[in-house]
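Participant: Here is a sequence together with a model predicted from it:
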Amino acid sequence: MHRALCPVEKLYVGQRSRAVLSCTLRGQVDAGALSAAFDAVAQTHPTLRARIAPDGQGFALHLLTEDERPRLITRTGGEEAYAAELNTPLPVGGPLSRAVLVSAPEGDRHLFVLVVDHTVTDGHSSIAVHNTLWDHYRALVEGGADKGEAAAAGSAAGVPGDSADSPGWPRPVSRLLPDADPAATAAYLERRVEEVRRYPVQLVPYDVPRPAGTGARPGAEPAGDGHIEVCRLTLDEERTTRLRRTARGAGLSVHSLVAASLLTTARRRLEGDGPRTLGCLSPVDLRSRLSPPLPASVMVPAVTTHLQTVDVATDTDPTALARTVHIRLRDFIARADQYHEMRITPEIPRNPALQLATVIATNMGVVPGPRLPAGLHATDVRLVPAREDYFPQAGRSPVMACVVSFGGRLAIEFPHFTACFSPSFMRAFRDDVLTGLLAFTDVSEPLPAPANAR
């Protein structure tokens, strides 16, 4: 009744990071039907009703008992509910998921939040399970199923072999990779370690003074405890379309344009005008690149990363920078280095610089939102990563940007810890990134396409 975590999954245990899916709703919500829908989805996905426990030298997933498994939490609240859920971690040793419905006193406005531990999910699978939950809900309220039978229906729709004796744990992605020569992986690791040694990246300094005794500026107020906040950038459908058109016309990706805006904004937070070595970390989805492809419905972290270092000055051309980011990431995937990168992930605790970047630019691409029954409307859908430890004593860190397009509108979420980066700092950072993106949307002539550039 348990499944050992692979070495890659084990890294997430110490990070205590989580995916926070949320949707703001207008209309009436049947809490009983939503509770049954969550039970059905949890029955289908054993990782949602599991906990992590020590297992020899590692960790393993263990099923919770029926009394311990998570159930939908319902309560009354207002706009403060999102911040409260974002700052409420999943308890150590407890369920790896939490589902909460917060309803306004009038009962016609709601916030639904689904939190899942990153040990058992990534962006694509968390979005998939969120949408599947609402599919179950829609079927229930439209008369397609009985609430009392929803969990059983979810079990029947589970993975092959799902039973009391075998809950159908998904296989770790690290065991689905194509075969590789261990010598080639060792050579790849050696090259990567040498690269990060030769090209150390600069990080953005915190604007909040460090805690007392760690070198705070004289006379400055200490950081305090801090909490997670999210500064958000959004583009409407028209500007999102124009940004995509600019990227397509130049033979680039939207991701590369976003990364260039992030890097140039980060550079302006560093001293001097000349070049500085900055790092851009881009998560790379493995699902579509496995054979056979792994559906988004399989709840495992199926992502690796690509780290590239670039020299950025205050006058660096953003288009040229975007082209560099795009070509390097394209070539990384063309060489199939993403598999090597996944294989060396267990080395990160010994070599943290393998994933140390100035900016982390996730990009989920264009993804569907939930399909809701008549009379219920989603006014907003969000995906934000959060974790428990942000280490304000470090004095500097990468800036995280979570990019996703729900409903044809691009959004960039900037989660940050207020004892590290202040809300005003992140708002200014967000505004500079927005200015950079709008410059790409407002081009009157197409950007020049690359001519076999490398």
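Facilitator: Cool, got the structure.

Participant: How confident was the prediction at the nearest residue to residue 344 once chain neighbours are set aside?
Facilitator: Leaving aside its chain neighbours, residue 344 sits nearest to residue 189 (4.6 Å; criterion: Cβ to Cβ, 6 or more residues apart in numbering). For the C-beta atoms, the positions are set from N, CA and C on the backbone; glycine is no exception. Looking at residue 189, its pLDDT reads 97.

Participant: Over to the one 3 residues further on?
Facilitator: For residue 192, the pLDDT comes out at 97.

Participant: burial count for it?
Facilitator: 19 (other Cβ atoms under 10 Å).

Participant: now swap in residue 400 and tell me
Facilitator: 21.

Participant: same question, residue 373
Facilitator: Using other Cβ under 10 Å, residue 373 has 17 other residues around it.

Participant: what does residue 291 give?
Facilitator: Neighbourhood size, residue 291 [other Cβ under 10 Å]: 8.

Participant: got it, and residue 138?
Facilitator: Residue 138 sits with 18 neighbouring residues when counted by other Cβ under 10 Å.

Participant: Phi, psi for it please.
Facilitator: Here is the backbone geometry of residue 138 (degrees, to the nearest 10): phi -60, psi -40.

Participant: Likewise for the one 3 residues further on?
Facilitator: With angles defined as degrees, to the nearest 10, residue 141 sits at phi -80, psi -20.

Participant: Let me know the pLDDT of it.
Facilitator: Residue 141 is given a pLDDT of 96.

Participant: Outline the domain layout of this structure.
Facilitator: According to automatic domain parsing, the chain comprises the domains 2-170, 182-441.

Participant: mean pLDDT lowest for which of the ones you listed?
Facilitator: domain 2-170 (a mean of 88).

Participant: Now the terminal residues of that one, how far apart.
Facilitator: Across domain 2-170, the terminal residues are separated by 11 Å (Cα to Cα, to the nearest Å).

Participant: wait, is the residue nearest to residue 344 part of a strand?
Facilitator: No - the assignment for residue 189 is helix, going by DSSP: H, G, I helix; E, B strand; the rest coil, so no strand is present there.

Participant: quick one: contacts for it?
Facilitator: By Cβ atoms under 8 Å, 6 or more residues apart in numbering, residue 189 lies in contact with 340, 344, 347.

Participant: Restricted to helices, list the residues you listed.
Facilitator: residue 340 (DSSP state H).

Participant: between the contacts of residue 189, which has the most around it?
Facilitator: When neighbours are counted by other Cβ under 10 Å, residue 340 leads the contacts of residue 189 with 21 neighbours.

Participant: Now do that residue against residue 43, distance only.
Facilitator: Using Cβ to Cβ, to the nearest Å, residue 340 is found at 37 Å from residue 43.

Participant: in stretch 324-344, what's buried?
Facilitator: 324-329, 332, 337-344 (16 or more other Cβ atoms under 10 Å).

Participant: before we move on, what about stretch 241-257?
Facilitator: By 16+ other Cβ under 10 Å, the buried positions in stretch 241-257 come out as 242-244, 246-247, 250-257.

Participant: what kind of secondary structure is residue 307 in?
Facilitator: Three-state assignment for residue 307 (three-state DSSP): strand.

Participant: That one - how many residues pack around it?
Facilitator: The burial count for residue 307: 21, using other Cβ under 10 Å.

Participant: Look up which residues are beta-bridged to it.
Facilitator: Residue 307 has the following beta-bridge partners by DSSP bridges: residue 281.

Participant: Do a quick rundown of the helices in the protein.
Facilitator: 7-15, 31-44, 81-86, 123-141, 150-156, 182-198, 237-249, 254-267, 318-334, 337-343, 423-441.

Participant: Can you tell me which of those helices is most buried?
Facilitator: Ranked by mean neighbour count, the helices of the chain are led by helix 254-267 with a mean of 26 (mean count of other Cβ atoms under 10 Å).

Participant: contacting residues around stretch 313-332?
Facilitator: With contact meaning Cβ under 8 Å, 6+ apart, stretch 313-332 is reached by 250-253, 255-257, 259-261, 263-264, 267-268, 272-276, 280, 282, 284, 306, 308, 310, 312, 338, 436, 439-440, 447, 450, 453-454.

Participant: change it to 7 Å
Facilitator: The contact list for stretch 313-332 (Cβ atoms under 7 Å, 6 or more residues apart in numbering) reads 252-253, 256-257, 259-261, 263-264, 267-268, 273-275, 280, 282, 306, 308, 310, 312, 338, 436, 447, 450, 453-454.

Participant: Same check on stretch 68-83?
Facilitator: Here stretch 68-83 has contacts from 22, 31, 34-35, 38, 42, 49, 95, 97-105, 111, using Cβ under 7 Å, 6+ apart.

Participant: ok so, going back, which one of the buried residues of stretch 241-257 is nearest to residue 399?
Facilitator: Nearest to residue 399 out of the buried residues of stretch 241-257 is residue 255 (Cβ to Cβ; 15.8 Å).

Participant: Wait, that closest one touches residue 364, no?
Facilitator: No - with contact defined as Cβ atoms under 7 Å, residue 255 and residue 364 do not form a contacting pair (10.1 Å).

Participant: So which of the helices of the chain is nearest residue 65?
Facilitator: helix 31-44 (13.3 Å).

Participant: Which secondary structure elements does that closest one sit against?
Facilitator: Packing partners of helix 31-44 (3 or more Cβ pairs under 7 Å, 6 or more residues apart in numbering; DSSP states H and E): strand 97-103, helix 123-141, helix 150-156.

Participant: Could you dump these into TSV with distance to residue 85 added?
Facilitator: Shown next, in TSV, are the helices and strands packed on helix 31-44 (distance: least, Cβ to Cβ, whole Å):
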stretch	distance to residue 85
strand 97-103	6
helix 123-141	14
helix 150-156	24
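
Participant: Nearest to residue 117, out of these?
Facilitator: Closest approach to residue 117 among the helices and strands packed on helix 31-44 (Cβ to Cβ): strand 97-103, 7.2 Å.

Participant: Of all the residues in the closest one, which ones are buried?
Facilitator: By neighbour count on 16+ other Cβ under 10 Å, the buried set for strand 97-103 is 97-103.

Participant: Just put those residues in TSV and tack on distance to residue 76.
Facilitator: Formatted as TSV, those follow (distance: Cβ to Cβ, whole Å):
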residue	distance to residue 76
97	22
98	18
99	16
100	12
101	10
102	7
103	6
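
Participant: Nearest to residue 296 among those residues?
Facilitator: The shortest approach to residue 296 among these belongs to residue 97, at 16.5 Å (Cβ to Cβ).

Participant: Tell me how far the closest one lies from residue 240.
Facilitator: Distance of residue 97 to residue 240, given as Cβ to Cβ: 31 Å.

Participant: Then residue 207?
Facilitator: For residue 207, the distance to residue 240 equals 30 Å [Cβ to Cβ].

Participant: ditto for residue 433
Facilitator: As judged by Cβ to Cβ, residue 433 and residue 240 stand 15 Å apart.

Participant: Same check on residue 108?
Facilitator: Residue 108 sits at a distance of 29 Å from residue 240 (criterion: Cβ to Cβ).
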